[in-house]
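Undergrad: here you go, sequence then predicted model.
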Amino acid sequence: MEYATFDESDFPIVRVTFNIKNPTLDQFKQFIDGQKKLLSYLKPFVLIMDARNVGFLSSEIRIEQGTFFKNDRERLNKYCIGAVLWVSSPIVSMMIKGMMLIEKPPNETFITSNIDEVNRKVEELRFQIMKSA
């Protein structure tokens, strides 16, 4: 099973669903590869990440995420207009925020447990893409 499933059917809005609570490093690298694929389109997009199923992520995975932000900062800043993370656990929210303190994401990242806030933020980001086109 894949750690993350990417749904590009509403591009530039890309929905990512996390399917495994505690991924291996290899499974997490597949998620990073999915993001790199999106960056290869050279078109702006917004990520909606359904992280309600995410559990604890190991330190090597958190380092891998930070390395991706660092190495692909320029392309992420240019093409990933923002990311909206839908979480169900305050512990997961704190873990994600902690990861972002180590290596700040190059784009706007919004974390919430409220689906209405997810939808509102996605529409704001969609409007940003349309305005800049």
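TA: Nice, thanks for sending it over.
Undergrad: which other residues reach the lowest-mean-pLDDT helix or strand in the chain?
TA: Using mean pLDDT, DSSP states H and E, helix 90-102 stands out as the lowest-scoring helix or strand of the chain, at a mean of 76. For helix 90-102, the surrounding residues in contact (C-beta atoms under 8 Å, 6 or more residues apart in numbering) are 51, 54-57, 62, 65-66, 85, 87, 109, 111, 113. (Each C-beta comes from the backbone N, C-alpha and C, glycine too.)
Undergrad: and those residues as a markdown table, adding distance to residue 2 and neighbour count?
TA: What follows is the contacts of helix 90-102, written out as a markdown table (distance: C-beta to C-beta, whole Å; neighbours: other C-beta atoms under 10 Å):
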| residue | distance to residue 2 | neighbour count |
| --- | --- | --- |
| 51 | 15 | 21 |
| 54 | 14 | 24 |
| 55 | 16 | 13 |
| 56 | 19 | 10 |
| 57 | 16 | 18 |
| 62 | 20 | 17 |
| 65 | 17 | 20 |
| 66 | 22 | 17 |
| 85 | 18 | 23 |
| 87 | 20 | 21 |
| 109 | 22 | 17 |
| 111 | 22 | 20 |
| 113 | 24 | 16 |
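Undergrad: so of those, which ones are in helices?
TA: When these are checked against helices (DSSP state H), the matches are 62, 65, 66.
Undergrad: contacting residues for the closest residue to residue 56 other than its chain neighbours?
TA: Computed as C-beta to C-beta, 6 or more residues apart in numbering, the closest residue to residue 56 that is not its neighbour in sequence is residue 22, at 6.3 Å. Contact criterion C-beta under 8 Å, 6+ apart gives 55, 56, 57, 58 as the residues in contact with residue 22.
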